[in-house]
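# A predicted structure for the sequence below; I have some questions about it.
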Amino acid sequence: MHAPTVQRRLKHLLWRAGFGPDAAEWPTWIQRPEKAWWPLLRQQSAEEPGELWVTDDVVRGLFMGIGEFARLEELTPEERRSRRAQSRDLLQSLNLSWLEEMVLSQAQLREKVALFWHGHFASRNFNIVFQQDLLHIIRTHALDNFGDLLRAVSKSAAILAFLNNQQNRKGKPNENFAREVMELFTLGRGHYTETDVKEAARAFTGWGFDLKGQFVFRQNQHDRGIKTVLGHTGRFDGDDVLDILLEQRQTACFIAQKMYRFFVNDEQVPEERVLWLGNRFYDSGYDIGRLLEDIFTAEWFYDEENIGHQIKSPVVLWVGLRRTLPLTLDDPEAQLLLQRALGQVLFFPPNVAGWPGGRTWIDTTTLMLRLRLPHILAASDAIDLGTDNDDDIAMGQGRAGRLRRRLGAELHWEPLAETFAQVPSDELLPTLAHYLWQTPVAKERLAIVQKHTHSLTREQLLQTATLQLMATPEYQLC
């Protein structure tokens, strides 16, 4: 088997450490030496992220019950419905704002890693303030220290509310938060006992948030008794338990394994490689950037088994398509329905474990939509979705029945045309295939695509070839 070409290696890095190449920037990227790729990705994500705020102080007060605003539990049913509708609308705005950041930002590494943490620290609730604050925490700490990220997330109102720790009190411990911190955030299932969960839950008693959504430690609700967690005994509070969890090398290995599945290969995960990554992650003091560097600069990252074998998640597919083929949407909110139709709505993971990923992204319905998507855009056609009763995940776009929305867009072909301007017309189709596909380009597959392209003019050839290549199973992989 031939080694991957330089172009294929670069695309592999840009798809895994970001959302694929930007058509206008591709000529500059391909001219850089390979040793410059990773340092540039890090440099472009070095600055702190800008704030994606969709609320102001007045709106924040409205949702948190601050000052002149009534406490939420004092609202009438009609007022609660109105508040919920307003929060839903703001969540839509936050969803679309983050999507735009993924498409347009040079900080591709940060936003892709933030998407990973968004699934790792899964939270599903309708409080826009909580979700907005959690996203800011994740984007701010995405490339920094995992211990700092874990503490900040664990003390966020979004996670504390979602995992019921506001109800965790001395004498009546609620185990939900403690269990998920161990099972999903740090150690992984099978590396703790039920006794550890019960004792940790006691340590987390009193952890909650105030009317501003800020973390508070309510000492009168805290169990000050002696606890034993993972073999350690003392009068522990929540911070002590997080320290104990971070002291376990298993935590570093668990995070390394999840990152390997997300960024490298979700089916073939060599145990010895994960152990090596985990130990280096632990010894670095949980430096996330160091772990990512170990992954993205390793020669095995570019092994043939890791290239072109990952099914793009709906968000990665859509954002990558928009980076390859810039477009202006007539109705940006149609992207919310598209996310739902494809099976991944930002801020609405299916459960506390996040999105399972891999082959679960594909079924007969979603695959057909994926294959039709480029032509839907080109024709400004509609997407048609049978909705259920889950209006949370529908984000208010429809209840049970059928829902249609036109996905109209103006496609901007200039960047692609300029990038491949020097390619002879008879070589344009295979050149585009090597650019758009991460799987090996077979002559038989190209012949099928060519039957559906129009070549009366070069412009027609470029446009129809691009759309046909994107409307293939090969384009679903990266």
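Now that the structure is in, tell me what you want to look at.
# Give me the neighbour count for residue 46.
12 (other Cβ atoms under 10 Å). All C-beta atoms are positioned from the backbone trio N, CA, C, and that covers glycine.
# Begin at 47, not 1, for the rest of this chat.
Yep, numbering from 47; the last one is residue 92 now.
# Mind checking what secondary structure it has?
Under DSSP: H, G, I helix; E, B strand; the rest coil, the three-state class of residue 92 is coil.
# Next one: it from residue 86, what distance?
10 Å (Cβ to Cβ, to the nearest Å).
# what about residue 151, neighbour count?
Residues lying near residue 151 (other Cβ under 10 Å) number 18.
# make that residue 53, sorry
Residue 53 is flanked by 14 other residues according to other Cβ under 10 Å.
# contacts for the helix or strand where it lies?
Using DSSP states H and E, residue 53 sits in helix 52-62. Under the criterion Cβ atoms under 8 Å, 6 or more residues apart in numbering, residues 50, 66-67, 75-76, 80, 83-84, 87, 154, 158, 309-310, 342, 347-348, 352-354, 356, 362, 366, 480-481, 484, 524 lie in contact with helix 52-62.
# Now find how far off-centre it is within its chain.
19 Å (Cα atoms, centre = their mean, to the nearest Å).
# could you show me where the helices are in the stretch 97-246 of the chain, in order?
Under the criterion DSSP state H, counting those that start in this stretch, the stretch 97-246 of the chain contains helices at 103-110, 123-150, 154-166, 174-187, 192-200, 203-208, 222-226, 240-249.
# Which strands and helices lie in contact with the third one?
In terms of contact count using 3 or more Cβ pairs under 8 Å, 6 or more residues apart in numbering; DSSP states H and E, helix 154-166 is assigned the packing partners helix 83-90, helix 123-150, helix 174-187, helix 295-309, helix 334-342.
# now do 6 Å
Contacts defined by 3 or more Cβ pairs under 6 Å, 6 or more residues apart in numbering; DSSP states H and E place helix 154-166 against helix 174-187.
# and the residue nearest to residue 87 when sequence neighbours are not counted, what pLDDT?
Among residues not flanking residue 87 along the chain, residue 155 sits closest, at 4.7 Å (Cβ to Cβ, 6 or more residues apart in numbering). The score at residue 155 is 98. That number is its pLDDT.
# how close does residue 155 sit to residue 499?
In terms of Cβ to Cβ, residue 155 sits 35 Å off from residue 499.
# Residue 244 too?
64 Å.
# Please apply the same query to residue 382.
32 Å.
# higher neighbour count, those two?
Using other Cβ under 10 Å as the criterion, residue 382 and residue 499 rank with residue 382 on top: 22 against 19.
# mind checking which helix or strand the more buried one is in?
Under the criterion of DSSP H and E, residue 382 resides in helix 380-388.
# Let me know the pLDDT of the residue nearest the centre of the chain.
For the chain, the residue nearest the mean C-alpha position is residue 161 (2.2 Å; Cα atoms, centre = their mean). We have a pLDDT of 98 for residue 161.
# If anything else comes up later, I'll come back, but that's it for now.
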